[in-house]
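Q: return atomic coordinates for the entry below.
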Amino acid sequence: MKNQDENPKTKTDVVIYTDGACSGNPGPGGWAAILIAMGVEKEISGFDPDTTNNRMELTAALEALKELNRPCNVTVYSDSAYLVSAFNENWIQNWQKRNWKNAAGMPVSNRDLWEALWEEQKQHTMTWKKVRGHADNPYNNRCDKMAVNEIKKNTP
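A: A predicted model of the protein is given here:
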């Protein structure tokens, strides 16, 4: 999905919409992402039998970024303030400085996913944008439906 040239002005622009869902919290969960590049859309989704909503939100973004095979200009749209704020408000850098402790001195939840996301996003020129969930964004609504469908098709 990317141009091999690593100059930000010539890298391929990729737009990613993500969402996560959980039936119970914790409980069975689903995640979904739509990647859009060069006029092509790709849908990905998955399931976890025992997870949390936050883990599914992070997994959706992580799995989408893992689909990219070279550096791109990436804009991620998510309805998760947890995900978007962690990047836009430098939470992750602060957690790293405090040895993965939050402002209250407690271990950061979902550290494994945050570390993996941090590594994946470093190779790209990233923009993180918050969208209102279950509102008027058709891509966010599609991701929500895909994530919920993962739960429905994988649970009795």
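Q: what lies in contact with the longest helix seen in the chain?
A: Looking across the chain with DSSP state H, the single longest helix is helix 138-154. Residues from elsewhere that reach helix 138-154 (CB atoms under 8 Å, 6 or more residues apart in numbering): 17-23, 28-34, 36, 43, 45-47, 49, 56, 60, 77, 79, 131-135. To be clear about C-beta, it is placed using only N, CA and C from the backbone, and glycine gets the same treatment.
Q: go with 6 Å
A: 17, 19-21, 23, 28, 30-32, 34, 45, 47, 79, 131 (CB atoms under 6 Å, 6 or more residues apart in numbering).
Q: which neighbours does the helix or strand hosting Pro49 have in its sheet, and in what orientation?
A: Per DSSP states H and E, Pro49 falls inside strand 40-51. When pairing is defined by DSSP bridges, strand 40-51 lines up against strand 27-37 (antiparallel).
Q: now the angle between helix 138-154 and the strand it pairs with, please.
A: On the basis of axes from the mean of the first three to the mean of the last three CA atoms, to 10 degrees, strand 27-37 is oriented at 140 degrees to helix 138-154.
Q: residues of strand 27-37 that come out buried?
A: By 16 or more other CB atoms under 10 Å, the buried positions in strand 27-37 come out as 27-37.
Q: the strand holding Pro49: how far from the chain's middle?
A: Taking CA atoms, centre = their mean, to the nearest Å, the mean C-alpha location of strand 40-51 is offset from the chain mean by 11 Å.
Q: with just CA atoms, put it into CSV.
A: What follows is strand 40-51, C-alpha atoms only, in CSV (Å, rounded to 0.1, in the frame of the first residue of the first chain):
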residue,chain,number,x,y,z
VAL,A,40,-8.5,1.1,-2.6
GLU,A,41,-10.2,0.0,0.6
LYS,A,42,-9.1,-3.0,2.6
GLU,A,43,-11.1,-4.3,5.6
ILE,A,44,-9.5,-6.4,8.4
SER,A,45,-11.0,-7.6,11.6
GLY,A,46,-10.5,-10.2,14.4
PHE,A,47,-11.7,-11.7,17.6
ASP,A,48,-10.5,-12.3,21.1
PRO,A,49,-12.5,-14.6,23.4
ASP,A,50,-11.5,-12.8,26.7
THR,A,51,-10.5,-9.2,26.4
